[in-house]
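Chemist: With the sequence up front, the predicted model follows.
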Amino acid sequence: MRIAAGGFEHETNTFSNILVTEETVKAIQLEGDALIQSCRGVRSTMAGLLDECEALGIELVPMPRVDILPCGVTEKAVYESFRDHFVEELWKAHCQEPLDAIALNIHGAAVAEGYPDLEADFLSALRDRIGMDIPIGLVLDLHGNITQEMMDLSNITVAFKEYPHTDTYESSRLLIQLLHQQYTTGKTLYQALVRLPWHIAPAFGVTLSGAAGDVKEYNAKLVAENPVLRDISFFHGFPYADVPLAGASVTAVAETRQAAEEFAQRAAEYAWSRRHDFAVKTNTAEAAMELASKSEAPVVINETSDNPGGGAPGDGTHLLREMIRRNLPGSAYGHIYDPEVVQQAIAAGVGGRIDCEVGAKLDDLHGTPVALKGAYVKTISDGTYIRKNPMGAGGIANLGPSVLLQAGNVSIVVTSARRQTLDDGPFRMVGIDWQDMKILALKSSQHFKGWWTGRAKTIVACDSPGIHCADLTTFDYKHLDTDSFPFTEREDINL
Ligand SMILES: [Zn+2]
């Protein structure tokens, strides 16, 4: 069996002013042997596809692939160029020796200029070239906005079930198993989709506990108890993509069309019945610091509203400003994006002192720059470390040139790359042992919990103003369907 694998992976926050340009794509595009080598020893989505193919004796044919950090839309010509190149490479591979299936590692919430449903367009371009006979499998992010067009153009859809996404690797393996099973048995698998009039803020989506966790368990039980059913995926959707098709949904894969439809409906009804249970308490920066100061240490405060993992700039200052104002011993902020300040600190050198304005330079939606007087340059780092979070464990993270500044009692990690903090890496790389600290602030919504749960004694969510804010009613939506929960209350899911 021969499976081609690759894809365009991007979660698009249409409120971000950072565009995906030719430069962005060129810097990270992998194909051929370079793609294969990037998967070795890493627990990533792409590695799961490769490892399962190898385990089952399947030849994986590497196609072009990009995994772009969440931000604003992709420029039209940049997307079209990648798409056309991918289609060309796929056709070339198929002509050399026929392909038996295609596995696409894509997100589900990508938007390009002129392409509100990028994934559907991508699939459509593939089908135009290869026809409808070769099965296409999709491994998608739980935050994908899934449309019927995507389903009609593909055959088997599998999403991550966990948020934090600690099962990306296993989800990919499942997709390959299903494609393989279909190929070896000759029995077609069917899929169905139920879309829900519901938008879920990522701050409310953790599956380690609570309502989202119950939905995950409910679906897993359905699959375990019904052999006809091969997968149920509950997509939380991505409400920061302001497109008409955004929203939560459920997909099912089963041996018959009827079973797929029935189980998708059943799972959708259960999830919908729990919609009021998803929201959890979040705090302003002031309230978060107040709570942290009274809680058992070490406390982790996650600034969900400025999560670069969801397209926010990562240089917001609301929480940092409050942390500096309080100046509590053992406070650390890890990390804020500001390459200018990094360069200023490098120029001063270790042991030097700088006056600077840190953060809030990418837009005016995440606070104003924080003025630091005589901040001490404690450490200069190359910004690399090995990831420990199960999401991508073993891979190398690179935050670019980075520094540790000491401002009073507060240790501030300043970096040259926008990233959410998944584990203690950003602290470790500048010499901070997190266990020595009392309050650690970071930018992430849920993924950090994949490592910090069980280590931090207390976790406090901070939802200051920003483009990844949990309160969806604060957004000026132009396209997203707000005739939906939580904007309006609906009785049923059948629109
Ligand atoms: Zn996600």
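Modeler: It's in.

Chemist: And Pro298, how far from the ion?
Modeler: 26 Å (Cβ to the ion, to the nearest Å). Every C-beta, even on glycine, is put in place using the N, C-alpha and C of the backbone.

Chemist: To clarify, my last question referred to Asp471.
Modeler: For Asp471, the distance to the ion - Cβ to the ion - is 19 Å.

Chemist: I'd guessed that residue sits against Ser464; true?
Modeler: No - using Cβ atoms under 8 Å, Asp471 makes no contact with Ser464, being 10.8 Å away.

Chemist: Give me the more crowded residue out of those two.
Modeler: Relative neighbour count places Ser464 above the other of Asp471 and Ser464, with 24 against 14, counting by other Cβ atoms under 10 Å.

Chemist: ok, the residue lying closest to that one once chain neighbours are set aside - contacts?
Modeler: Spatially, and ignoring its direct neighbours in sequence, Ser464 is nearest to His318 (3.4 Å; Cβ to Cβ, 6 or more residues apart in numbering). His318 sits next to 285, 303, 305-306, 366-367, 462, 464-466 when contact means Cβ atoms under 8 Å, 6 or more residues apart in numbering.

Chemist: Kindly reformat those residues as TSV containing secondary structure.
Modeler: Below are the contacts of His318 laid out as TSV (DSSP: H, G, I helix; E, B strand; the rest coil):
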residue	secondary structure
Ala285	helix
Glu303	strand
Ser305	helix
Asp306	helix
His366	coil
Gly367	coil
Cys462	strand
Ser464	coil
Pro465	coil
Gly466	coil
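
Chemist: Most neighbours out of these, which is it?
Modeler: Result: Asp306 is most packed of the contacts of His318 (other Cβ under 10 Å), 35 neighbours.

Chemist: Next, count neighbours for the residue of the chain found nearest the ion.
Modeler: Relative to the ion, the nearest point of the chain is His143 (3.7 Å; Cβ to the ion). Residues near His143, counting by other Cβ under 10 Å, number 27.

Chemist: Make residue 1 into 53 and carry on from there
Modeler: New numbering, starting at 53: the last item is His195.

Chemist: now Glu314: how far from Gly447?
Modeler: To Gly447, Glu314 is 40 Å away according to Cβ to Cβ, to the nearest Å.

Chemist: What of Arg377?
Modeler: Note on Arg377: its distance to Gly447, by Cβ to Cβ, is 36 Å.

Chemist: Between these two, which is the more surrounded one?
Modeler: Applying other Cβ under 10 Å to Arg377 and Gly447 shows that Gly447 carries more neighbours, namely 17 against 14.

Chemist: What separation is there between the more buried one and Gly59?
Modeler: Note on Gly447: its distance to Gly59, by Cβ to Cβ, is 18 Å.

Chemist: any idea where the helices of the stretch 103-252 of the chain begin and end?
Modeler: For the stretch 103-252 of the chain, the helices defined by DSSP state H, counting those that start in this stretch occupy 128-148, 170-182, 200-205, 220-237.

Chemist: And for the closest residue to Glu165 other than its chain neighbours, the neighbour number?
Modeler: Excluding its sequence neighbours, the residue lying closest to Glu165 (Cβ to Cβ, 6+ apart) is Lys128, at 4.0 Å. Close neighbours of Lys128, defined as other Cβ under 10 Å, add up to 12.

Chemist: Do I have it right that Lys128 meets Ala164?
Modeler: Yes - applying Cβ under 8 Å, one finds Lys128 in contact with Ala164, separated by 5.9 Å.

Chemist: mind listing what the nearest residue to Pro114 once chain neighbours are set aside touches?
Modeler: Leaving aside its sequence neighbours, Pro114 sits nearest to Leu87 (Cβ to Cβ, 6+ apart; 4.2 Å). Counting by Cβ under 8 Å, 6+ apart, Leu87 touches 58, 98, 114-115, 117.

Chemist: and what of Ala312?
Modeler: By Cβ under 8 Å, 6+ apart, the residues touching Ala312 are 242-244, 281, 304-306.

Chemist: how about the residues of the stretch 153-302 of the chain that lie near the ion?
Modeler: 193, 195 (Cβ under 5 Å from the ion).

Chemist: What is the most widely separated pair among the contacts of Leu87?
Modeler: Met98 and Met115 (10.6 Å; Cβ to Cβ).

Chemist: from the helices of the stretch 103-252 of the chain, which stretch is densest packed?
Modeler: Highest mean neighbour count of these: helix 220-237, a mean of 21 (counted as mean count of other Cβ atoms under 10 Å).

Chemist: Quick one: distance of that one to the chain centre.
Modeler: Distance, stretch centre to chain centre, for helix 220-237: 22 Å (Cα atoms, centre = their mean, to the nearest Å).

Chemist: Stretch 237-246 now?
Modeler: On the basis of Cα atoms, centre = their mean, stretch 237-246 sits 27 Å off its chain's mean C-alpha point.

Chemist: which parts of it are buried?
Modeler: By neighbour count with 16 or more other Cβ atoms under 10 Å, stretch 237-246 contains the buried residues 241-246.

Chemist: And for stretch 479-486?
Modeler: For stretch 479-486, a neighbour-count test (16+ other Cβ under 10 Å) marks 479-482, 484, 486 as buried.

Chemist: Now do it, average pLDDT.
Modeler: Average pLDDT, stretch 479-486: 98.

Chemist: before we move on, back to that, which among the buried residues of stretch 237-246 gets closest to Gly93?
Modeler: Set against Gly93, the nearest of the buried residues of stretch 237-246 by Cβ to Cβ is Leu241 (31.2 Å).

Chemist: can I see the domain layout of this protein?
Modeler: 54-329, 337-521 (automatic domain parsing).

Chemist: Looking at these, which is nearest to Lys530?
Modeler: In terms of Cβ to Cβ, the element of these nearest to Lys530 is domain 54-329, at 5.9 Å.
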